[in-house]
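K.L.:
predicted model follows, preceded by the sequence.
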Amino acid sequence: MLDIMKDTSPVMQAFIGTLFTWGMTALGASLVFFVRGANQKFLDSMLAFAGGVMIAASYWSLLAPAIDMSENSGVASWIPAVVGFLLGGVLLLGIDRILSKIDTDRYLYDIKDNKAKNRTALLVFSMTLHNIPEGLAVGVAFGALASTSTESTLASAMALALGIGIQNFPEGTAVSMPLHRDGMSKMKSFMFGQFSGMVEPIAAVIGALAVIWIQPILPYALSFAAGAMIFVVAKEIIPGSHEKGNVNLASMSLMIGFAVMMALDVALG
């Protein structure tokens, strides 16, 4: 595989690498097809599991890399993380207010509860937003090969794509399962789940083409996505998983989701 990729342009390498990450998101989202006759407790636990995945991903996949990238940027390494994180929360707050005033029936007609519709829209938006800087990061890693093309740097870029792809598996599940919980059909839940990863190949190509301009803003973009995800978890995911009274089950499921995502992120570096 390394030999095949070595003879390909960095932009195409980035595109191929993120096709894999998108495919893993779709694979995770496809688990919704195997849920048969799930009761409310299971569905609430899956919503909380999604919250745990999102919290862990916010730190290990987004904030921690953002801080590492900022160490040699000329500013304190915590500044991009704090600025991006807070801006992400502010954006989602604004989107939340806008969503409450518009009609989402065109796309979410199979979800009857208006509160659930709002939660669905915010969940899909935040997970999609989170995948954009990850795609950019892969694109930058492959784009850098244009100036320093060695087998070790190519292997590092491929390892990054592999790691993000494996992490994307539970993230795809974390989107599709809650959507099905709120009344969306399995097929539509899957489509929205895999769509959240579709932006990665697009972002990767942009990152590879504009590596010099994209690299300095990556810490802010990663932290921005983390802030958006934490806002959704705090405002919608945790309260939603408690709505039917399954508080203890939801709390433990959130911790399990966090532990699974933490283990993947740390193990895959």
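P.N.:
Good, I have the coordinates. On a predicted model such as this, the values are computed, not experimentally measured, just so you know.

K.L.:
got the buried residues for stretch 171-181?
P.N.:
Using 16 or more other CB atoms under 10 Å as the burial criterion, the residues of stretch 171-181 that qualify are 171, 172, 173, 174, 175, 176, 177, 178, 179, 180, 181. All C-beta atoms are positioned from the backbone trio N, CA, C, and that covers glycine.

K.L.:
actually stretch 210-224, not the one I wrote
P.N.:
For stretch 210-224, using 16+ other CB under 10 Å, the buried residues are 211, 214, 215, 218, 219, 220, 221, 222, 223, 224.

K.L.:
span of that stretch from start to end?
P.N.:
20 Å (CA to CA, to the nearest Å).

K.L.:
what about that stretch, distance to the chain center?
P.N.:
Here stretch 210-224 is found 16 Å from its chain centre; the criterion is CA atoms, centre = their mean, to the nearest Å.

K.L.:
outside of it itself, list whatever touches it.
P.N.:
Residues from elsewhere that reach stretch 210-224 (CB atoms under 8 Å, 6 or more residues apart in numbering): 62-63, 65-67, 69-70, 73, 80-85, 87-88, 91, 129, 132-134, 136-137, 139-140, 143-144, 146, 206-207.

K.L.:
restricted to helices, list the residues you listed.
P.N.:
Among the contacts of stretch 210-224, the members found in helices (DSSP state H) are 65-67, 69, 80-85, 87-88, 91, 129, 132-134, 136-137, 139-140, 143, 206-207.

K.L.:
low-scoring stretches of this structure, by residue?
P.N.:
Scanning the chain for pLDDT under 70 picks out the ranges 1-7, 37-38, 100-113, 146-153, 269.

K.L.:
if we go to 80?
P.N.:
Low-confidence segments of the chain, defined by pLDDT under 80: 1-8, 36-39, 72-74, 98-118, 144-156, 212, 268-269.

K.L.:
please enumerate the helices of it.
P.N.:
According to DSSP H, the helices that the chain contains are 2-6, 10-29, 40-56, 64-69, 78-99, 105-108, 114-143, 151-181, 186-209, 211-214, 218-232, 238-242, 247-268.
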